[in-house]
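Student: Here you go, sequence then predicted model.
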Amino acid sequence: MKFFNGSTHRLLGEMAMTINPSRIDERLAASHFEKSIAALREINAENELALAYKAYGRLLGQHGDIMQARAYLSQALEIFERLGTMDEPEKVQQALAAVPEGR
């Protein structure tokens, strides 16, 4: 049940980011990602957790929280690479490249 709860919150967060990208409700999306991460971390659902980290990192990057964005994206990349996930490492590397370094 926790897996579905975590997955659902990740998807709701991603929906909040895409429904109207110019007016993202950062608090709503962030809340969903935080709930997703907590649930998935608790049950060690690593692939889904990495997807949540990736999405949360993208949100943080869009809102200028560069250090946190890079941290979440880096966590996602580490998990995907360790698990041998096929396409996701490249997507995360592209997302990392889009976030400026520094701050």
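Tutor: In hand now; what should we look at?

Student: This structure: helices as residue ranges?
Tutor: Along the chain, counting by DSSP state H, helices occupy 2-18, 26-43, 46-62, 66-83, 88-98.

Student: could I get these as a markdown table with mean pLDDT?
Tutor: Formatted as a markdown table, the helices of the chain follow (pLDDT from 0 to 100):
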| stretch | mean pLDDT |
| --- | --- |
| helix 2-18 | 94 |
| helix 26-43 | 94 |
| helix 46-62 | 96 |
| helix 66-83 | 97 |
| helix 88-98 | 95 |
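
Student: Sort out which residues of stretch 6-25 are buried, please.
Tutor: Gly6, Ser7, His9, Arg10, Leu12, Gly13, Glu14, Ala16, Met17, Ile24 (16 or more other C-beta atoms under 10 Å). Every residue, glycine included, has its C-beta placed from N, CA and C.

Student: wait, what's in contact with the closest residue to the fifth one other than its chain neighbours?
Tutor: Sequence neighbours aside, His32 is the residue nearest to Leu12 in space, at 4.4 Å (criterion: C-beta to C-beta, 6 or more residues apart in numbering). With contact set as C-beta atoms under 8 Å, 6 or more residues apart in numbering, His32 has these partners: His9, Arg10, Leu12, Gly13, Ala16.

Student: residues in contact with the first one?
Tutor: Residues in contact with His9 (C-beta under 8 Å, 6+ apart) are His32, Phe33, Lys35, Ser36, Ala39, Ala52.

Student: and the gap between the nearest residue to it once chain neighbours are set aside and Phe3?
Tutor: Distances taken as C-beta to C-beta, 6+ apart put Ser36 closest to His9, at 3.7 Å, once the chain neighbours are dropped. Counting by C-beta to C-beta, to the nearest Å, the gap from Ser36 to Phe3 is 10 Å.
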